[in-house]
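S.K.: With the input below, show me the fold.
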Amino acid sequence: MGKSKKVPTVGEGKRGASGHLGYLLRQASSGFRLRLDRALADLAVTSPQFAVMTMIAAYPGLSNADIARLVFQTPQTVSTIIANLLRAETVARQPHAVHGRIQQLELTKSGLALLAECRRRVAILERELLVGLSAGEEDVIRRWLVGVAMPGAETGQA
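M.R.: Residues are numbered from 1 along each chain as shown. As a prediction, this is how the structure comes out:
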């Protein structure tokens, strides 16, 4: 039998600067998600709940399917998240101002306060990401990340 190889830690081998870009991007995303989950844990907020609350606040009147696309979740998952947020009275359904049968989601007063605290904590994590970068380097990274995510980026037709 062959000898078991040591699994490289972040920064070693293919998990380091010589690794595949797609893998490194996913590794970075997973690392940030873990820090985010830990920062919000005592508030009983998950990172997907934070994302949903953020989108409800930013884009009032969205459908569950729209929210799902924005937070990279399935519509079924978003329905469960919203049900939990409704149960916790973090969000509420309100009738549309013109089309009364249409129900729109909005953050409650306590939901707005919770989102504000989540945002405060996330801002700290995001500042930590930028340590050692110049404003120009930050701008390049932001534009690169947007470009990677744009439809058609893989064919150069973004």
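S.K.: Next secondary structure after the helix or strand bottoming out on mean pLDDT in the chain?
M.R.: Lowest on mean pLDDT, DSSP states H and E among the helices and strands of the chain sits strand 91-95, with a mean of 85. Beyond strand 91-95 on the C-terminal side, the first helix or strand identified by DSSP states H and E is strand 103-107.
S.K.: before we move on, back to that, partners of the least confident helix or strand of the chain, with directions?
M.R.: strand 103-107 (antiparallel) (DSSP bridges).
S.K.: Buried residues, whichever helix or strand comes after the partner strand. List them.
M.R.: Going down the chain from strand 103-107, the next helix or strand is helix 109-129, by DSSP H and E. Neighbour counts over helix 109-129 (16 or more other C-beta atoms under 10 Å) mark 111, 114-115, 118, 121-122 as buried. Placement of C-beta: from N, CA and C, glycine included.
S.K.: Surely Ile82 is in a helix?
M.R.: Yes: looking at Ile82 with DSSP: H, G, I helix; E, B strand; the rest coil, it is inside a helix.
S.K.: and it, how far is that from Gln104?
M.R.: Shown here: Ile82 relative to Gln104, a distance of 12 Å by C-beta to C-beta, to the nearest Å.
S.K.: ok, Leu133 - contacts?
M.R.: Leu133 is in contact with Ile141, counting by C-beta atoms under 8 Å, 6 or more residues apart in numbering.
S.K.: List the contacts of stretch 63-71.
M.R.: By C-beta under 8 Å, 6+ apart, stretch 63-71 touches 48, 51-52, 55-56, 59, 62, 74-75, 77-79, 82.
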